[in-house]
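1. I need the structure of the sequence given here:
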Amino acid sequence: MRRYIRALLLCTVFAVFSGLYVYSKLFNTDVSAGGHGARRAFIPQRGTGGRRGSAVRAGPQKPHWYNRYIMRQSGQIEGERSGVRRRPEPTMHLAVVACGDRLEETLTMIKSAVLFSVKRLYLHVFAEDQLHASFVGTLESWPDSFRSRFNYTVYSISFPIENGGEWKKLFKPCASQRLFLPLILKDIDSIVYVDSDILFLQPVDGLWDFLSQFSPSQLAAMSPEHEEPRIAWYSRFARHPFYGRTGINSGVMLMNMTRIRSTFFKNDMTRVGLRWEELLMPLLQKYKLNITWGDQDLLNIIFHHNPEFLLEFPCKWNYRPDHCIYGSNCASAEEDGVYVLHGNRGVYHDYKQPAFRAVYEAVKKYSFGSDPVLSLLDPLTEELLKTTHTYCGKSNALFTKRLALSLENINRKTPHGR
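-> Here you go, the predicted model:
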């Protein structure tokens, strides 16, 4: 019995040593091959440049999904470091309506928007048919360095067939066209609407950025009609509901039209909410004898009943004679300067508010490609000093504060004399 046990132990020891011998041979073979063996799939070879070249000649291996992800992230980081944008910036949409004698005024507004904007613009110009050729001819004549910054479409004026004449003459010619933009531009998500008497002294981009500040319920943004209820028009004279304490001014209006098209609006005509296209005509029929400012009054009525749908932006984005005619009362402009100038009541074309007229004339006369400081800012500053006999003229520094910064930016990026 002992003999058998000894033989078994001897065989076991022999088998163990044999296994160790085979394993050591395999290990030594792997080391002599370069030390990568089975690990080659996980640890990249740290060879010389010649070895990397030979690997390229042998053909690249398809990277694993996480390697592709890392390379993609690395490419994005390198692109950001080098200033190369991998994705194009989204286009900003700007709409304006021009009827009657508003051709030159509208083109001056467009010039100010194109001059300062950073992102690409798409212009939606709604105009009477006889103005189309003039718009196209002028826009196409601008230098390529500026013409390349925007695309545009010129549209005919369009109202619902029923009651179209009533809409067209509601306030100023064609002004109520803005109410129908969500129904006409069905493929556009968001848009900035401005009156023709607007001048941008700051890039449109800042106004467009308010879209990112919208709450889930908000679908439009406007500025208050006035800052002081005691002298505001709506709080003293309105014969219809209006938004907030002083009403809103619709000369500069940011719209998320996708939300407008899909929303049911509370109203004082029925207990159920109405869609935008169902709301406008009944509202006009109810209040047409009580409204003074046409479509702006209708917007005030709508947002009076739906205040949660509106975002207010500061008056510096819609600075009008009302903000300085009796003394300065726009706090945001006093702090930062005027961003958007609104020359309502025809002040660009008469001498009642010469400070507003001076800004308009300076932008209109500016020649694309010329030095913006020497050709625009300096002459304007000199003209504004002649307006200090008026309250608005006494605030002339507000008209050039932001403009000077905007002009510095285009001075850096625009080649002169081209």
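2. pretty sure Val194 contacts Ser250?
-> No. Val194 lies out of contact with Ser250 (CB atoms under 8 Å); the separation is 9.8 Å. Where C-beta positions appear, they are placed from N, C-alpha and C, glycine not excepted.
3. ok, now which ones touch the nearest residue to Leu131 once chain neighbours are set aside?
-> Distance criterion CB to CB, 6 or more residues apart in numbering; nearest residue to Leu131, sequence neighbours excluded, is Leu103 at 5.4 Å. Leu103 sits next to 127, 131, 134-135 when contact means CB atoms under 8 Å, 6 or more residues apart in numbering.
4. Which of those residues fall in helices?
-> Counting by DSSP state H, these place 134-135 in helices.
5. tell me the centre residue of the chain?
-> By CA atoms, centre = their mean, the chain has its centre lying nearest to Trp208, at 2.6 Å.
6. Local confidence estimate at that one?
-> Per-residue confidence (pLDDT) for Trp208: 97.
7. Could you look up the SS state of it?
-> Using DSSP: H, G, I helix; E, B strand; the rest coil, the structure places Trp208 in helix.
8. That one reaches Arg120, doesn't it?
-> No. In this structure, Trp208 is not within contact of Arg120 by CB under 8 Å, at 11.2 Å.
9. what sits in contact with each of the two?
-> Met92.
10. Tell me which other helices or strands the lengthiest strand in the chain touches.
-> Scanning the chain for the strand with the most residues, using DSSP state E, yields strand 248-256. Contacting strand 248-256 under the criterion 3 or more CB pairs under 8 Å, 6 or more residues apart in numbering; DSSP states H and E are the following elements: strand 190-194, helix 204-208, strand 220-224, helix 295-305, strand 310-312, strand 340-342.
11. Name the helix or strand for the closest residue to Val136 other than its chain neighbours, please.
-> Spatial nearest neighbour of Val136, chain neighbours left out: Val154 (6.3 Å); criterion: CB to CB, 6+ apart. Assessed by DSSP states H and E, Val154 sits inside strand 150-156.
12. need the helices for the stretch 251-400 of the chain, in chain order.
-> Using DSSP state H, counting those that start in this stretch, the helices found in the stretch 251-400 of the chain span residues 257-262, 276-287, 295-305, 331-336, 354-365, 372, 378-384, 391-394, 396-413.
13. just for the stretch 1-150 of the chain, where's the confidence low?
-> Under the criterion pLDDT under 70, the flagged ranges of the stretch 1-150 of the chain are 1-89.
14. if we go to 80?
-> Applying pLDDT under 80 to the stretch 1-150 of the chain flags residues 1-90.
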